[in-house]
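# sharing a model that was predicted from the sequence below.
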Amino acid sequence: MKNTEWVILDTETTGFSAPIFVVELAAQKMKGWEPEGPPFKSLLNHGTDIPPEAARVHGYTREILERDGDPPEDVYAAFARYVGNRPLVAYNLPYDLDKVLLPERGRLGVPPIGTEGFCALALTQRLLDPVPAGNCKLQTLRQFYHLPERGAHTALGDVETVIDLLNKVIRPLAEKRGLNSWDKISAFSTQAWYPRRIAF
């Protein structure tokens, strides 16, 4: 894992109902468990209305994005340059990649960006089982483990919180289990898993 280069990403979107548009995209290059270089952060202006329930979560409105956002095609071109061929990791990769980025890429005709990595949420669920905080929501774990406040429900803030969580909590548990390479961590995060305690 020490010299592996990869990227943590997060999105803020128009919600959970298709079509889903990205309104903020953020990422951080990683080398091993440590950040490498500056982060990536952009607002995207799709020229579409933002549902009120989504705006209440992340604070972005159509007016803000029309003022401060960039054309999506320009953002994804810059993101592709930032990522290169590195694998992509997110705290809920099936949502960020499969439900959001891949459909948006297809809608815009954007070429593939990076490769698919592991889901940081799946890794966390397996390593913390049974989770002492009650659930594995990112902000629940941030508060439980007294991690810094980074701006909840902003894409860059959530990326930074995932990095804090990985380094303070997940890395020591992974290394204790001998998960010391990218391949071992990826395999562990995708293996069959049945939680020892169901959160209600």
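Sure thing, it's come through.

# can we go C-alpha only for contacts and neighbour counts from here?
Will do.

# please save the CA atoms from the helix-or-strand element of the chain with minimal mean pLDDT in PDB.
None of the helices or strands of the chain scores lower by mean pLDDT, DSSP states H and E than helix 52-58, at a mean of 93. These are the backbone C-alpha positions of helix 52-58, laid out as PDB (Å, rounded to 0.1, in the frame of the first residue of the first chain):
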ATOM      1  CA  PRO A  52     -35.100  22.100  -2.300                       C
ATOM      2  CA  GLU A  53     -34.400  19.000  -0.300                       C
ATOM      3  CA  ALA A  54     -31.000  18.600  -1.900                       C
ATOM      4  CA  ALA A  55     -30.200  22.300  -1.500                       C
ATOM      5  CA  ARG A  56     -31.000  22.100   2.200                       C
ATOM      6  CA  VAL A  57     -28.300  19.400   2.600                       C
ATOM      7  CA  HIS A  58     -25.400  21.000   0.600                       C
END
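
# give me the helices and strands touching it, please.
For helix 52-58, the contact count by 3 or more C-alpha pairs under 8 Å, 6 or more residues apart in numbering; DSSP states H and E identifies no helix or strand as a packing neighbour.

# going along the chain from that helix, find the next helix or strand for me.
The helix or strand immediately downstream of helix 52-58 is helix 62-68, counting by DSSP states H and E.

# can you pull the buried residues of that next one?
Within helix 62-68, the residues that count as buried by 16 or more other C-alpha atoms under 10 Å are 62, 65, 66.

# after that helix comes which helix or strand?
Using DSSP H and E, the helix or strand that follows helix 62-68 towards the C-terminus is helix 72-83.

# need the buried residues of helix 62-68 in a markdown table (columns: pLDDT and distance to residue 175).
As requested, the buried residues of helix 62-68 are arranged in a markdown table below (pLDDT from 0 to 100; distance: C-alpha to C-alpha, whole Å):
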| residue | pLDDT | distance to residue 175 |
| --- | --- | --- |
| 62 | 96 | 44 |
| 65 | 97 | 42 |
| 66 | 97 | 45 |
